[in-house]
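Engineer: here you go, sequence then predicted model.
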Amino acid sequence: MTPLKMHGSHILSTGSAIPDICIDNDLLGTILDTSDSWISTRTGIKERNILGRDQSIIDLATIASKKALTKGLLQAEDLDLIIFATSTSNDLFGSASQLQHALGAKQAAAFDITAACSGFVISLIIAHQFIQTNVYNNILIVGADTLSQWVDWSDRTTCILFGDGAGAAILQKNQDNDILSFEINTDGSEAHQLCINHKRNFQQDTKHNNLINIPSNNYYQHLRMNGKEVYKFAVSKVPESIGKCLKQISMNSKDITWLLLHQANQRILETVANKLNIPVEKILSNIQFYGNTSAASIPIALDEAFDAGHICHKDIIAIAGFGAGLTWGSMIIKWHINE
């Protein structure tokens, strides 16, 4: 029996998109009992952007994807697969097919991944499996969320944190392999710590002698988060997860060039870095400008780091996503210039 030949996965290009409406902390201070000092001290966030009435999540995802295609010198028809990581789909059945149509990627299969803030990392890992086993050559991974539509804007403990956005990356089969190690985890017993619960209302069917309850006016509630518990979860599990990924490839934290975490809270980023003995200047952070954009946060920061020239040939990048579920996932990347 011929052994399966494993192929390498290369991050060919990235793209990102942010909606036009910017809400800074001073503006929030005019409608809530809060201030720029209170928000920025506790979170590191100075402003966030939210979706306008004339925009949809597909618009943002399309812009980010087209930027990635342009940078990668690819056409939409070159894509074999689209993985859309989002928890705020504009269709309950998923939005990946809408993105496929918007791009004109007629040859690509498409599906959604719902894993909140871990969604992009998990999607990247899934795409890596398809490429390693020679199923696909060019895969578009998009992380996009619009949680501004699901927060309670009278609750200062949650609404100050979240913004909208989209980020994209194209993973391509290559002789050099960028993804060195990875792991993903779930603790469903703590799902209630960060959730958007579904509410079901029922009306009795008197025509059938009250034997049947018919669902009526179902809806999703506002985002709910236990900030203290989520913080404890993140600063405990993420360093442990990154440590396991490093151990798989006989590396340690001193080998890391850049630390790229889900942009949830600046305090979390710095605490994780400290636990791993990674200097703060190695943290890739843009949280002050965008807030927590959920599945979009890592690809947006990755795109900006590439555009700024921070990531160079053979740099080692530790990436970790964490959030609702509770889910978390990490990976170690050694990025190569595609020659």
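Structural biologist: Structure received.

Engineer: C-alpha from now on. contacts and neighbour counts both.
Structural biologist: Fine.

Engineer: what segments of the stretch 101-250 of the chain are strands?
Structural biologist: Applying DSSP state E, counting those that start in this stretch to the stretch 101-250 of the chain gives strands spanning 109-113, 138-146, 164-174, 179-186, 194-195, 198-204, 213-220, 224-225.

Engineer: could you pull up the mean pLDDT of the third one?
Structural biologist: The average pLDDT for strand 164-174 rounds to 97.

Engineer: partners of it, with directions?
Structural biologist: Sheet pairing for strand 164-174, assigned by DSSP bridges, gives strand 8-17 (antiparallel), strand 138-146 (antiparallel).

Engineer: swap in the first one?
Structural biologist: Within its sheet, and counting by DSSP bridges, strand 109-113 is paired with strand 81-85 (parallel).

Engineer: ok, the residue nearest the centre of the chain to T88 distance?
Structural biologist: The residue lying closest to the centre of the chain (C-alpha atoms, centre = their mean) is A295, at 1.9 Å. Relative to T88, A295 is positioned 10 Å away (C-alpha to C-alpha, to the nearest Å).

Engineer: give me the common contacts of those two.
Structural biologist: D145 (C-alpha atoms under 8 Å, 6 or more residues apart in numbering).

Engineer: can you pull out the low-pLDDT segments for this protein?
Structural biologist: For the chain, the stretches with pLDDT under 70 are 1-5, 202-216, 339.

Engineer: what's the domain layout of it?
Structural biologist: Domain ranges of the chain: 8-177, 180-190+224-286+297-334, 195-219, per automatic domain parsing.

Engineer: dump those to CSV, plus mean neighbour count.
Structural biologist: Output for the domains of the chain, formatted as CSV (neighbours: other C-alpha atoms under 10 Å):
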stretch, mean neighbour count
domain 8-177, 21
domain 180-190+224-286+297-334, 19
domain 195-219, 12
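
Engineer: helices along the stretch 51-200 of the chain, start to end?
Structural biologist: 57-71, 96-103, 119-132 (DSSP state H, counting those that start in this stretch).

Engineer: now those helices in TSV, with distance to N174?
Structural biologist: Formatted as TSV, the helices of the stretch 51-200 of the chain follow (distance: least, C-alpha to C-alpha, whole Å):
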stretch	distance to N174
helix 57-71	17
helix 96-103	24
helix 119-132	9
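
Engineer: right, and the ones you listed - which one's nearest D145?
Structural biologist: The minimum distance between D145 and the helices of the stretch 51-200 of the chain falls on helix 57-71, with 7.0 Å, by C-alpha to C-alpha.

Engineer: any idea of the angle that closest one forms with strand 8-17?
Structural biologist: 130 degrees (axes from the mean of the first three to the mean of the last three C-alpha atoms, to 10 degrees).

Engineer: now helix 57-71 - C-alpha only, PDB.
Structural biologist: Extracted in PDB, the C-alpha atoms of helix 57-71 (Å, rounded to 0.1, in the frame of the first residue of the first chain):
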ATOM      1  CA  ILE A  57     -21.800  40.900   6.600                       C
ATOM      2  CA  ILE A  58     -21.500  39.600   3.000                       C
ATOM      3  CA  ASP A  59     -20.300  43.000   1.900                       C
ATOM      4  CA  LEU A  60     -17.500  43.000   4.400                       C
ATOM      5  CA  ALA A  61     -16.500  39.400   3.700                       C
ATOM      6  CA  THR A  62     -16.500  40.100  -0.100                       C
ATOM      7  CA  ILE A  63     -14.200  43.200   0.300                       C
ATOM      8  CA  ALA A  64     -11.800  41.300   2.500                       C
ATOM      9  CA  SER A  65     -11.800  38.300   0.100                       C
ATOM     10  CA  LYS A  66     -11.200  40.300  -3.000                       C
ATOM     11  CA  LYS A  67      -8.200  42.000  -1.400                       C
ATOM     12  CA  ALA A  68      -6.800  38.600  -0.600                       C
ATOM     13  CA  LEU A  69      -7.400  37.400  -4.100                       C
ATOM     14  CA  THR A  70      -5.700  40.500  -5.600                       C
ATOM     15  CA  LYS A  71      -2.700  40.200  -3.400                       C
END
